[in-house]
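Undergrad: Structure, please.
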Amino acid sequence: MESNSNKLKWCKARFGKDNNWWVYETSDKVNWDADGISVIDPRQTAHLVETLLTLREYGLDESIVEKAFFTFVIESKEADKGVKLVRTTDSVFDSEEQIFLFPDNLDDERSPYAEFLNHITTLQVKMLNSIFEFEEDLAIEDLEDEVREHFNSDYMEGKAIHVFYEIMDILEYAPEGYSLEDEDEEEEEEEFEENYDDEIEDLPDEEEALEEDDTMQWEDDEEEEVEDYRAEERDSSFGDDEDF
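TA: Okay, the predicted model is just below:
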């Protein structure tokens, strides 16, 4: 019998107003309800991999990461800033293609994706305890409680939780008063968010109305001056005829 993962051969995703990708259709409609499924786009994938690699010295198991995601590439464009994604066998860590990551979270609590979240949570706490001299070692529960509180707040506000931010909340976590980023990294992150739209390639752009600028105003003024000049010439010619 074909496994559920093998039935997921393609999906269709749309670029949302929140600058993230959300699935709206899958090839396996029985097992995968498209409502609320988010996917990690190529630029987010690159940032995620770069961050994960910092955990290698603390015991990162790359096989757990690989099992946590189905990898996809763009096959074609769809209407309304959508794309059709098809499965690929490319590695999360070593791909020459721009890959999208689809979390394997069909079973919320025992899925490969859930195992991945538990794995990086353990490693993040291990790293923080190694880097900072806390009065008392940070516990896994400390990180989990804070992340859960954050997402509970979003849930109460009716916000959908995108998988990329669910992961990065763990990988960028540090207790209050501590930071894993320097000022340069924070500025790069702000620039990343501001310029995100410009980095999306090969997608249809919505038509934008061309706003009138000063140059257009000058052209209007020049047209008015030409009309005034022609009117004066006509009046002058008419007067000359009468005098004659």
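
Undergrad: Where does the residue nearest to residue 95 when sequence neighbours are not counted sit, in terms of helix or strand?
TA: In space, and not counting its chain neighbours, residue 95 is closest to residue 71: 7.0 Å by Cβ to Cβ, 6 or more residues apart in numbering. Glycine gets a C-beta too; all of them are placed from N, C-alpha and C. Here residue 71 sits within strand 69-78, counting by DSSP states H and E.

Undergrad: all helices for the protein, in order.
TA: Here the chain has its helices, by DSSP state H, at 4-7, 42-53, 62-68, 112-131, 140-156, 163-171, 183-194, 214-243.

Undergrad: Pull out the buried residues from the fourth one.
TA: Using 16 or more other Cβ atoms under 10 Å as the test for burial, helix 112-131 gives 112-117, 119-121, 123-128.

Undergrad: gap between the two ends of stretch 58-67?
TA: Using Cα to Cα, to the nearest Å, one end of stretch 58-67 lies 19 Å from the other.

Undergrad: Please apply the same query to stretch 123-138.
TA: So stretch 123-138: terminal residues 12 Å apart, Cα to Cα.

Undergrad: Count residues in the vicinity of residue 154, would you?
TA: Look at residue 154: counted by other Cβ atoms under 10 Å, it has 13 neighbours.

Undergrad: Can you tell me, leaving aside adjacent residues, what's nearest to it?
TA: residue 161 (6.0 Å).

Undergrad: follow-up on the earlier one: neighbouring contacts of the strand holding residue 71?
TA: The contact list for strand 69-78 (Cβ atoms under 8 Å, 6 or more residues apart in numbering) reads 5, 8, 10-12, 14, 39-40, 83-92, 95, 97-104, 113, 202-204.
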